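**Student:** task: produce atomic coordinates for the following.
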Amino acid sequence: MTTTTGPHPTRRLILQGAAGVALLGLGNLPFGAAPARAAANDKYPEEAFKLKNEADAIKALYGKTVEPSDKVKLDAPEIAENGGVVPISVTTTLDKVTSISFFVAENPNALAASYRIPDGTLPAVANRLKMAKTTNVTAIVEADGKLYSATKEVKVTVGGCGG
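**Tutor:** Got it, this is the predicted structure:
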């Protein structure tokens, strides 16, 4: 009995090969292995994400005052044709950055995103935000226990938050 018919392998040969590959792959897994889980974060800023006013959301998230800084570079389009996907990024030359957050002043919820920056990580974040209408976008960087910000107005031609 042959395992091929002409230049093409038979279905049996293909199935045997697939079964062998599957068994080899399973042999590399330790028995009883559980998937890794992220540690629970008991400090999730749930209240800050619910607030509609930007100043209130900043106070709930950080509890500190913010000062504008030219060391925070906010990159956002002047005009966003679709408020549903507005590309935005922030970089900074500040040292000891521990978090970066985005606030959209006229959105139904002012806090759009907040990131914890682990030690030794490049302090840069990019995202696509939904914006209801033309408004200011503010990036806040927490560095060495202080808050620094950059703000830019983004004109939205088609709303993304129910507009």
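**Student:** any idea how far Asn127 is from Glu67?
**Tutor:** Distance from Glu67 to Asn127, counting by C-beta to C-beta, to the nearest Å: 23 Å. The C-beta positions use only the backbone N, C-alpha and C, and glycine is treated the same way.
**Student:** low-confidence stretches in this protein?
**Tutor:** Residue ranges of the chain with pLDDT under 70: 1-8, 18, 20-42, 159-163.
**Student:** buried stuff in the host helix or strand of Arg128?
**Tutor:** With elements taken from DSSP states H and E, the one containing Arg128 is strand 124-129. For strand 124-129, a neighbour-count test (16 or more other C-beta atoms under 10 Å) marks Val125, Leu129 as buried.
**Student:** partners of it in the sheet?
**Tutor:** strand 86-92 (antiparallel) (DSSP bridges).
**Student:** show residues contacting the strand it pairs with.
**Tutor:** 71-77, 80, 100, 102, 123-131, 137, 139, 141, 143, 148, 150, 154, 156, 160 (C-beta atoms under 8 Å, 6 or more residues apart in numbering).
**Student:** pull the CA atoms of it into CSV?
**Tutor:** What follows is strand 86-92, C-alpha atoms only, in CSV (Å, rounded to 0.1, in the frame of the first residue of the first chain):
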residue,chain,number,x,y,z
VAL,A,86,-9.5,60.7,16.6
PRO,A,87,-5.8,59.7,16.7
ILE,A,88,-3.9,61.2,19.6
SER,A,89,-0.5,60.6,21.2
VAL,A,90,1.6,62.1,24.0
THR,A,91,5.3,62.0,24.7
THR,A,92,7.4,63.6,27.3
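**Student:** residues contacting the spatially most central residue of the chain?
**Tutor:** In the chain, the centroid-proximal residue (C-alpha atoms, centre = their mean) is Asn127; its distance is 5.8 Å. Contacts for Asn127 were tallied using C-beta under 8 Å, 6+ apart; they are Pro87, Ile88, Ser89, Phe102, Ala112, Ala113.
**Student:** okay, helices next: where are they in the protein?
**Tutor:** If DSSP state H is used as the criterion, the helices of the chain fall at 11-27, 46-50, 54-62.
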